[in-house]
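S.K.: Everything below, folded, please.
(one chain, ligands or ions: 2)
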Amino acid sequence: MNLKQVTIRRLNMALKAPFTTSFGTFTDREFLIIEVRDGDGKVGYGESVAFASPWYNEETVDTNVHMIEKFLVPALQEKPITHPEEVSERFAFIRRNNMAKSAVEGAIWDLYAKQQNKPLAEVLGGVAKQIDVGVSIGIKDSVEDLIETVQSHVDAGYKRIKIKIKPGWDIDVLREVRKQFPTIQMMGDANSAYTLEDLDHLKQLDDLNLTMVEQPLEHDDIIDHRLLQEAMTTPICLDESIHSLADAKKAIALGSCKIINIKIGRVGGLTEAKRIHDYCKEQDIPVWCGGMLESGIGRAHNIALTTLPQFILPGDTASSANYWHKDIISPEVVAENGVIQVPTGAGIGYDINEEALEEFTVDRSTIELD
Ligand SMILES: O=C(O)CCC(=O)C1=CC=C[C@@H](O)[C@@H]1C(=O)O
Ligand SMILES: [Mg+2]
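M.R.: Ligands and ions are numbered 1, 2, ... in the order given. Got it, this is the predicted structure:
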């Protein structure tokens, strides 16, 4: 692939609206964009979804910079990369640090697709020409505020509404939303806010006709989720617990979930995400693509992955304008009536808005590969 240079950009983008989960509230997003250049000047782009603090997993923007500079780029320099599928194997000696790995690997996948002059979706084996998407709504200050937000997204045609829940903001709130919107595809995401002691409380979700409840229990649990799934009819979807194909196999074998949320960064990159997808297809487990408040570059990678056939449930990849005053890609991601047309251009299929990328870049470093 004639890789010549890696650039690490640290960006900060203000969110249009605060986003609150059971962990806390975000008003802006700090993240990394990785650029990988080849000898012909082609550039592949990847995005790390790590947050500034280690609340979602053990990684942060700062740990990512350290891992990329000190371990991942040197690993690329050991011997030439001829295909992006080699990258996850090259990084396998490093434990976890999946978001750092994913950002570099994703840039190499994008570059490879551009070298082949094919869409990233095509080189990944994708089949869909358009994808259905939903939207994720953070915890709001009042039920009225939530209902108003749900109404706006339903009016926009999003195919599924994901509502953040936590103790004290769950059953009654979801019951009110269900009363106002009896037919919408609706789910709750708990981000590990509950324990098995809440089992009887959580069983009340079964009356609300949810498509799933996402990650109700501990972030690294598979055993207790099995006990909870046995007690509930609502399908459990695992997010934070699934870091690899091995985790997915354990969760499916134990019956700990009936749905898996695949996030490229959480599992270490597109190659592992494909492996999980393929296994879930064999096991008849529906998957969807979760979001991590990405910029347009991460969003573009999510769109390409979502074209694979087992992505049968709407994911979190809503329009750029749902998050950002201005995105760093052109055109921006637009979901028309909850549907995104998969780009047909080479690689991620979106151009970079260079002016916006510069505007939001707060730091950068470049490493020559030879
Ligand atoms: O990008 C999106 O719109 C999804 C945002 C979202 O729901 C999440 C982002 C990051 C961590 C979590 O709070 C949550 C999730 O678990 O999916
Ligand atoms: Mg989640």
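S.K.: use CA for all of it now, contacts and neighbours both
M.R.: Fine.
S.K.: Show the residue spans covered by the helices in the stretch 151-300 of the chain.
M.R.: Taking DSSP state H, counting those that start in this stretch as the criterion, the stretch 151-300 of the chain contains helices spanning 171-180, 199-203, 223-231, 245-254, 264-267, 270-282, 296-306.
S.K.: Tabulate the ones you listed in JSON lines, adding columns for mean neighbour count.
M.R.: Converted to JSON lines, the helices of the stretch 151-300 of the chain look like this (neighbours: other C-alpha atoms under 10 Å):
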{"stretch": "helix 171-180", "mean neighbour count": "17"}
{"stretch": "helix 199-203", "mean neighbour count": "16"}
{"stretch": "helix 223-231", "mean neighbour count": "18"}
{"stretch": "helix 245-254", "mean neighbour count": "17"}
{"stretch": "helix 264-267", "mean neighbour count": "28"}
{"stretch": "helix 270-282", "mean neighbour count": "20"}
{"stretch": "helix 296-306", "mean neighbour count": "27"}
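S.K.: and of those helices, who's closest to ligand 1?
M.R.: Taking C-alpha to the nearest ligand atom as the criterion, helix 296-306 is the member of the helices of the stretch 151-300 of the chain that comes nearest to ligand 1, at 8.5 Å.
S.K.: For the closest one, give me every contacting residue.
M.R.: By C-alpha atoms under 8 Å, 6 or more residues apart in numbering, the residues outside helix 296-306 that reach it are 45-49, 106, 120-121, 124, 126, 128, 131, 264, 270, 274, 288-289, 291, 317, 320, 327-329, 332-333, 342, 348-350.
S.K.: List the beta-bridge partners for Met187.
M.R.: Partner residues in beta bridges with Met187: Lys162, Met212, with DSSP bridges as the criterion.
S.K.: Distance check, it against ligand 1.
M.R.: As for Met187, its distance to ligand 1 is 11 Å (criterion: C-alpha to the nearest ligand atom, to the nearest Å).
S.K.: I'd say that residue and Leu208 touch.
M.R.: No. Proximity of Met187 to Leu208 does not meet the contact threshold set by C-alpha atoms under 8 Å, at 9.4 Å.
S.K.: who has more neighbours, those two?
M.R.: In terms of neighbours (other C-alpha atoms under 10 Å), Met187 is the more surrounded of Met187 and Leu208; the figures are 25 against 18.
S.K.: Which members of the contacts of helix 296-306 occur in strands, if any?
M.R.: If you go by DSSP state E, the contacts of helix 296-306 have Tyr45, Gly46, Glu47, Ser48, Ile131, Trp288, Cys289, Ile329 in strands.
S.K.: between the residues you listed, which has the most around it?
M.R.: In terms of neighbours by other C-alpha under 10 Å, the ones in strands among the contacts of helix 296-306 top out with Ser48 at 32 neighbours.
S.K.: quick one: contacts for that residue?
M.R.: Taking C-alpha under 8 Å, 6+ apart as the contact definition, Ser48 lies against Phe31, Leu32, Ile33, Ile34, Val61, Asn64, Met99, Ala100, Ser102, Ala103, Gly265, Gly298.
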